[in-house]
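*Asks:* Okay, predicted coordinates and the sequence, questions at the end:
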Amino acid sequence: MVNPTNGGDDLVAPYASELQLVFSEAKRRITDFPEPFAQAGLAYLQKFDVFERASSKNYICYLLPYWINEVAPIPISQCRELAIANVFNMLYYFLQDDVMDESPAAWKEQLALAHLCHAELEAILRGLFTAESSFWHHGQQYVQEWASAVVHEDKHDFFKTDFIKVAKKASPLKLASTGVLLLADRQELIAQVDQLVDLALVLLQMADDLADWEEDLQEGNYNCLIAIIHDKRHSTLPLQAHEIESYIYDRGLLIDFCARGKTILDTLNHSQFHVRPIFSFGVSIYDGLASFSEKVEHTKRTILLGGFDYILSNNQKN
């Protein structure tokens, strides 16, 4: 439906050689897992490998340390280690999400694989940060944000009441940005960078929710787009897929949805502290939303004009 990371090749190109090393090292480490987890882990990583054509491209997960490195430079070897760590961080939390969505029969292997990934994450991070480092305090904060968001998002309608909390389900990936800042001795920037990352993540969640609304409706997951519809409709009956399609394709919902995205993008652009690649990432997401919205509106205008032409031609015949 909509590509949430329109222009993704442009995002990856400057870091392609580094990402080759990152994913090669991640594969090497997973190969050392005991079976059946090595094979299962490699298959799971392939779903997110940026170099696999059909994979889910979670660019921010592995590019974030390189983006922050542009404003707070550290040795490239440390930056790479944080990127590898964030790949395992990504795998760990996606596996957790899968467990939440699947039947108990699949939990055992999923949870075991998740903890093997988490062990690799911890091993890498312990090599970069001492036990006394404030890094671990920030890590605990991000996990708490994730846990709270997972449990409360559908109860409080975060997109309506406090939209920045929509980003908190992905808070743990900020380990990478905070790690770079601490290694660069720029800890005073952590709060500002956290805010930038959160704004970009809200945009990403909006794009994902537009793409996944059918699945989210069926599974009862919180979805920003569906939340807006619930707020607009005046019915206590369960929301149906055909109603959502009507709001998207007939009733101009995407105009409002994109306007909210543009407000978030403008906030990102006018933030006191600016990180160019994060803003570029936000632009790429917003462009995908806006492009899809314009296609919907163009199709609607074309159909309407076609209908008018048909009426006019019949009237002229009569």
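*Replies:* All right, it came through fine.
*Asks:* Next one, pLDDT for the closest residue in space to Leu111 that isn't next to it in sequence please.
*Replies:* Nearest non-adjacent residue to Leu111, counting by CB to CB, 6 or more residues apart in numbering: Val99, 6.1 Å away. (Glycine included, C-beta is placed from N, CA and C.) Looking at Val99, its pLDDT reads 81.
*Asks:* With Ser313 instead?
*Replies:* Ser313 is given a pLDDT of 54.
*Asks:* now swap in Asp309 and tell me
*Replies:* At Asp309, pLDDT is 53.
*Asks:* burial count for the residue nearest to Leu111?
*Replies:* For Val99, the number of neighbouring residues by other CB atoms under 10 Å comes to 16.
*Asks:* separation between it and Tyr59?
*Replies:* Distance of Val99 to Tyr59, given as CB to CB, to the nearest Å: 24 Å.
*Asks:* so where's the chain uncertain?
*Replies:* Residue ranges of the chain with pLDDT under 70: 1-8, 101-106, 306-318.
*Asks:* what's the single longest helix in it?
*Replies:* Counting residues, the longest helix found in the chain (DSSP state H) is helix 276-317.
*Asks:* does Val202 belong to a helix or a strand, and which?
*Replies:* helix 190-219 (DSSP states H and E).
*Asks:* What residues of that helix count as buried?
*Replies:* Within helix 190-219, the residues scored as buried using 16 or more other CB atoms under 10 Å are 190, 193-213, 216-217.
*Asks:* Same question for stretch 253-260.
*Replies:* 253-254, 257-258, 260.
*Asks:* that older thread, so which elements touch the helix holding Val202?
*Replies:* Here helix 190-219 touches helix 59-69, helix 174-183, helix 224-232, helix 241-249, helix 253-269, helix 276-317, going by 3 or more CB pairs under 8 Å, 6 or more residues apart in numbering; DSSP states H and E.
*Asks:* what angle do the helix or strand hosting His138 and helix 224-232 make?
*Replies:* Using DSSP H and E, His138 sits in helix 135-156. Angle, helix 135-156 to helix 224-232, by axes from the mean of the first three to the mean of the last three CA atoms, to 10 degrees: 40 degrees.
*Asks:* before we move on, back to that, so how far is the helix holding Val202 off the chain centroid?
*Replies:* 5 Å (CA atoms, centre = their mean, to the nearest Å).
*Asks:* tell me the angle it makes with helix 253-269.
*Replies:* Using the same axes, to 10 degrees, helix 190-219 lies at 160 degrees relative to helix 253-269.
*Asks:* Determine the number of other residues adjacent to Arg53.
*Replies:* Here the count is done by other CB under 10 Å, and Arg53 has 5 residues near it.
*Asks:* What helix or strand is it located in?
*Replies:* Here Arg53, judged by DSSP H and E, is contained in no helix and no strand.
*Asks:* So which residue is dead centre in the protein?
*Replies:* Nearest to the mean C-alpha position of the chain, counting by CA atoms, centre = their mean, stands Leu204 at 4.6 Å.
*Asks:* That one contacts Tyr59, correct?
*Replies:* No: Leu204 lies out of contact with Tyr59 (CB atoms under 8 Å); the separation is 9.1 Å.
*Asks:* Quick one: neighbours of Gln140, just the number.
*Replies:* 10.
*Asks:* if I look at it, how far off is Ala147?
*Replies:* Computed as CB to CB, the Gln140 to Ala147 distance reads 11 Å.
*Asks:* Over to His270?
*Replies:* Taken as CB to CB, the span from His270 to Ala147 is 31 Å.
*Asks:* still on that earlier bit, secondary structure element holding the residue nearest to Leu111?
*Replies:* helix 76-101.
*Asks:* Helix 174-183 and that helix, what's the angle between them?
*Replies:* With the same axes, to 10 degrees defining the directions, helix 76-101 sits at 160 degrees from helix 174-183.
*Asks:* which residues touch the residue nearest to Gly127 when sequence neighbours are not counted?
*Replies:* Spatial nearest neighbour of Gly127, chain neighbours left out: Glu81 (7.1 Å); criterion: CB to CB, 6+ apart. Going by CB atoms under 8 Å, 6 or more residues apart in numbering, Glu81 touches 124, 127-128.
*Asks:* which ones among those are found in strands?
*Replies:* Using DSSP state E, no member of the contacts of Glu81 sits in strands.
*Asks:* Nearest to Leu45 among those?
*Replies:* Nearest to Leu45 among these is Ile124, at 15.3 Å by CB to CB.
*Asks:* so who does the closest one touch?
*Replies:* Going by CB under 8 Å, 6+ apart, the list of residues near Ile124 reads 81-82, 84-85, 88.
*Asks:* and with 6 Å instead?
*Replies:* By CB atoms under 6 Å, 6 or more residues apart in numbering, the contact set of Ile124 is 81, 85.
*Asks:* Next, find the distance separating it from Gly288.
*Replies:* For Ile124, the distance to Gly288 (CB to CB) stands at 32 Å.
*Asks:* Skipping its backbone neighbours, what lies nearest Asp157 in space?
*Replies:* Ala227 (5.4 Å).
*Asks:* how close does the one you found get to Lys160?
*Replies:* Counting by CB to CB, the gap from Ala227 to Lys160 is 6 Å.
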